[in-house]
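Visitor: this one's sequence-less:
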């Protein structure tokens, strides 16, 4: 069997041929030039950044955050208000349940857990919004709903029920 030429030795280690049908990267699909027509080939002037006029983003490949509907934005803002109310509820609820531990270690651990309870809702909201930025809206609202169920400020709720 014949050995391939020296220039082809590293061909399997490179992805320099973007026209190769086995290479599929959705983020580069927007950078691929559109097929040029015969009449458009003569009119291919360069833009200010030096790119050809035929190069553009493929339709339907815009970022998911740019394509969010106003309803999704409104529901995300509503969830932000709910999580802000949860944070305020935890602050008020912690004030309703005084604790003085028998030792300094227990007192410090309890105050640290109070701090974690206060920041849990904003951290959950920030994590869900940042981690589901490119995902489906159903995933985002599912995780936000789960957090709304888990992070209820129980000291505040139970204080109102008494």
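Guide: The structure has been received and is ready for your questions. Only a predicted model underlies this, so the values are computations on that prediction, with no experimental measurement involved.

Visitor: buried sites along the helix or strand harbouring residue 113?
Guide: When elements are assigned from DSSP states H and E, residue 113 belongs to helix 104-131. Residues of helix 104-131 classed as buried by neighbour count (16 or more other CB atoms under 10 Å): 114, 117-118, 120-121, 124-125, 128. Glycine gets a C-beta too; all of them are placed from N, C-alpha and C.

Visitor: And for stretch 130-143?
Guide: 132, 137, 140-141, 143.

Visitor: and which of those residues is nearest to residue 108?
Guide: Among those, residue 143 lies closest to residue 108 (CB to CB), at 31.8 Å.

Visitor: what bits of the protein have low per-residue confidence?
Guide: 1-12, 14-67, 162 (pLDDT under 70).

Visitor: where exactly do the helices run in it?
Guide: 26-29, 38-41, 70-96, 104-131, 137-150, 154-161 (DSSP state H).

Visitor: Make a markdown table out of those and add distance to residue 13.
Guide: Shown next, in a markdown table, are the helices of the chain (distance: least, CB to CB, whole Å):
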| stretch | distance to residue 13 |
| --- | --- |
| helix 26-29 | 18 |
| helix 38-41 | 34 |
| helix 70-96 | 42 |
| helix 104-131 | 33 |
| helix 137-150 | 36 |
| helix 154-161 | 57 |
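
Visitor: quick revisit: residue 78: which of the buried residues of helix 104-131 is nearest?
Guide: residue 125 (11.4 Å).

Visitor: Spit out the contact partners of the closest one.
Guide: In this structure, residue 125 makes contact with 79-80, 83, 144, 147, judged by CB atoms under 8 Å, 6 or more residues apart in numbering.

Visitor: Export those as JSON lines, with columns for distance to residue 96 and neighbour count.
Guide: Converted to JSON lines, the contacts of residue 125 look like this (distance: CB to CB, whole Å; neighbours: other CB atoms under 10 Å):
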{"residue": "79", "distance to residue 96": "25", "neighbour count": "21"}
{"residue": "80", "distance to residue 96": "25", "neighbour count": "16"}
{"residue": "83", "distance to residue 96": "20", "neighbour count": "22"}
{"residue": "144", "distance to residue 96": "26", "neighbour count": "21"}
{"residue": "147", "distance to residue 96": "23", "neighbour count": "21"}
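
Visitor: Which two of the residues you listed have the greatest separation?
Guide: 80 and 147 (11.5 Å).

Visitor: what about the nearest residue to residue 114 once chain neighbours are set aside, how many neighbours?
Guide: With sequence-adjacent residues excluded and distances taken as CB to CB, 6 or more residues apart in numbering, residue 114 is closest to residue 94, at 4.9 Å. Neighbour count of residue 94, defined by other CB atoms under 10 Å: 20.
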